[in-house]
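> for reference, the sequence and a predicted model appear below.
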Amino acid sequence: MKFFSPLIIGVLLLTMFLSFSQFVAAQEGNQLVTELNVFDKDSTFKYSFIYNSDGNKSVENKYKLEKNHWVRCAQKEWSYEGKNCISQTERKWNGSQWESTYVIEYRYDNNLMTSESHYEYVNQLPQQISKIEYIYENSQLISKKTYQLQDKTLLLQLELDYKYTADWKIDSLFIISFATANPLQYRSKFTYNQLGNVETQLLEKKNENGVWVKDEAVRWYYNANSGQLMEQRKKRWNTDFNFWENYQKTVYEYDQLRLKSEYSQYWKLMFWENAYRYDYAYDTSGNLQNKILYLPIYNEWRKIITINYSNYEKDVSNLLESKYNFWGGKTDSYISSDIPFLFNNEIEIRKAHRIELGYATFVDTITVSSNPDQNLKSIVYPNPSEGIFYLDTRHYKIQSFKVSNLSGKVMIAQNQADGTGVIDLTDLPRGIYILKIQTFDNQIVQKIIKK
């Protein structure tokens with residue numbers, strides 16, 4: 001695959017997500033997903049999520065079902081300063097404790113991200129492997145530089161420079177790849193229609209003589225009245241005969257405001273050849289019921305896979321199932337596929353044959369502190385919990401914490417220098433525990449409940 005292909009593909013994926021969002025746009029709910037069950041072939045995984053008071057994810061835990069027991073696999077933790085995420089830590093469960101495996105640290109200036117540094121843990125010590133720097137002008141991103149570790153040195157690998165129109169849309173994007181001895185240079189230029197939708201994208205590359213030459217182009221076509229995307233067409237420049245050749249197109253069809261179908265074709269010799277088609281079906285309330293994949297077999301569209309959306313709550317589907325439809329296998333049997341769905345009002349895709357979304361509410365117990373102001377905020381959540389609690393380090397300068405049972409026996413003791421706000425009581429019995437938190441200027445005691 002050529003270097004620039006991800007750029008074109010990225011814009012194409014954007015329109016694919018746009019098409020999916022047209023039938024999930026109405027699926028807005030106030031609840032946050034706290035549990036996600038993913039069934040993929042013979043494996044079953046459970047993801048549990050904890051959020052802070054701003055609705056941002058603080059912890060994600062991944063479990064695998066083994067012999068009817070949930071076994072811890074992986075964990076992600078996000079730390080914040082205000083509303084800015086300052087770090088993301090990934091951990092794996094080694095059978096007795098959590099081990100950090102990967103960390104991303106984010107830096108900001110006036111709430112604009114200026115850098116992100118990536119670290120891998122080697123022998124339990126973090127080693128920086130890459131860094132991304134962001135440069136702004138008038139709060140608009142004008143440059144992005146990616147560095148990769150080579151021979152113990154961070155070397156520039158990729159540079160993106162952005163130019164904007166008068167109304168701050170991307171006019172052109174300059175790309176330099178330093179991955180080879182001779183840097184590769186590309187330029188992507190955009191145009192927009194009167195509604196502000198991207199209309200064309202022209203990709204050029206600089207040849208060995210330093211001249212910009214045509215390479216690929218994408219054009220989008222919209223309904224003049226509704227503004228709906230109707231077609232997306234991709235071409236490649238034929239350097240031997242100096243003309244544009246059709247390469248691929250996707251056509252979108254609607255039933256009023258709802259996407260009814262989309263199909264993709266590839267140009268072969270002198271004709272368009274079918275690649276795939278999706279049909280969409282809705283219930284009387286306008287909720288998506290089915291997304292059906294067709295493939296061209298023996299010159300006819302054959303139904304292959306149907307993704308069923310059901311168990312709607314507040315216009316959000318909480319049960320998604322992928323089933324096989326073709327005569328080559330057992331009809332309506334489960335089959336693993338990429339399932340798009342709405343996760344907290346954002347589109348997500350998971351490979352599975354069945355996905356279940358769950359929600360849970362929790363009530364915080366009372367925080368006891370000598371400082372009345374600290375009683376206004378809950379320092380640990382969720383409470384009760386099935387085993388994983390999280391300390392809100394945004395409002396408190398925590399030095400250490402201890403968890404004791406009601407007899408006073410210390411079950412867990414941790415110094416905050418360990419760099420985590422996660423309290424894991426998964427292996428302890430259900431019941432009430434006492435959490436003692438030492439801050440820089442106070443001690444806070446809170447009752448926590450493992451249910």
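Good, I have the coordinates.

> could you export whichever strand or helix holds residue 91 as PDB, CA atoms only?
Secondary structure from DSSP states H and E places residue 91 in strand 84-93. What follows is strand 84-93, C-alpha atoms only, in PDB (Å, rounded to 0.1, in the frame of the first residue of the first chain):
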ATOM      1  CA  ASN A  84      -8.000  18.200  29.800                       C
ATOM      2  CA  CYS A  85      -6.800  14.600  29.800                       C
ATOM      3  CA  ILE A  86      -3.200  14.600  30.900                       C
ATOM      4  CA  SER A  87      -2.400  10.900  30.700                       C
ATOM      5  CA  GLN A  88      -3.700   7.500  29.600                       C
ATOM      6  CA  THR A  89      -2.200   4.400  31.200                       C
ATOM      7  CA  GLU A  90      -2.700   0.900  30.000                       C
ATOM      8  CA  ARG A  91      -2.100  -2.100  32.300                       C
ATOM      9  CA  LYS A  92      -2.300  -5.900  32.100                       C
ATOM     10  CA  TRP A  93      -3.100  -8.300  34.800                       C
END
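
> buried residues in that strand, which are they?
If you call a residue buried by 16 or more other CB atoms under 10 Å, then strand 84-93 has these buried ones: 85, 87-93. Where C-beta positions appear, they are placed from N, C-alpha and C, glycine not excepted.

> and for stretch 203-221?
Within stretch 203-221, the residues that count as buried by 16+ other CB under 10 Å are 203-206, 214-220.

> first-to-last residue distance for that stretch?
Taking CA to CA, to the nearest Å, stretch 203-221 runs 18 Å from one end to the other.

> hmm, who's touching that stretch?
Stretch 203-221 is contacted by residues 4, 7-8, 11-12, 15, 184-189, 197-202, 229-237, 239, 244, 247 when judged by CB atoms under 8 Å, 6 or more residues apart in numbering.

> change it to 7 Å
For stretch 203-221, contacts defined as CB atoms under 7 Å, 6 or more residues apart in numbering pick out 4, 7-8, 11, 15, 185-188, 197-202, 229-237, 244.

> ditto for stretch 85-103
By CB under 7 Å, 6+ apart, stretch 85-103 touches 72-80, 104-106, 119-121, 124, 126.

> kindly report the same for stretch 185-201.
Stretch 185-201 is contacted from outside by 4, 7, 11, 169-176, 202-206, 212, 217-220, 222, 227, using CB under 7 Å, 6+ apart.

> in strands, which of these appear?
Per DSSP state E, strands hold the following members of the contacts of stretch 185-201: 170-176, 202-206, 212, 217-220, 222.

> tell me how far the residue nearest to the spatial centre of the chain lies from residue 290.
Central residue of the chain (CA atoms, centre = their mean): residue 348, 6.3 Å from the mean position. According to CB to CB, to the nearest Å, residue 348 stands 19 Å off from residue 290.

> show me the strands in the stretch 51-200 of the chain, by range?
In the stretch 51-200 of the chain, the strands defined using DSSP state E, counting those that start in this stretch lie at 57-66, 69-81, 84-93, 98-109, 112-122, 125-137, 140-150, 153-164, 170-177, 184-192, 198-206.

> dump those strands to JSON lines, plus mean pLDDT and distance to residue 279.
Below are the strands of the stretch 51-200 of the chain laid out as JSON lines (pLDDT from 0 to 100; distance: least, CB to CB, whole Å):
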{"stretch": "strand 57-66", "mean pLDDT": "96", "distance to residue 279": "33"}
{"stretch": "strand 69-81", "mean pLDDT": "95", "distance to residue 279": "36"}
{"stretch": "strand 84-93", "mean pLDDT": "96", "distance to residue 279": "38"}
{"stretch": "strand 98-109", "mean pLDDT": "97", "distance to residue 279": "40"}
{"stretch": "strand 112-122", "mean pLDDT": "98", "distance to residue 279": "40"}
{"stretch": "strand 125-137", "mean pLDDT": "97", "distance to residue 279": "40"}
{"stretch": "strand 140-150", "mean pLDDT": "97", "distance to residue 279": "38"}
{"stretch": "strand 153-164", "mean pLDDT": "97", "distance to residue 279": "37"}
{"stretch": "strand 170-177", "mean pLDDT": "98", "distance to residue 279": "33"}
{"stretch": "strand 184-192", "mean pLDDT": "97", "distance to residue 279": "30"}
{"stretch": "strand 198-206", "mean pLDDT": "98", "distance to residue 279": "26"}
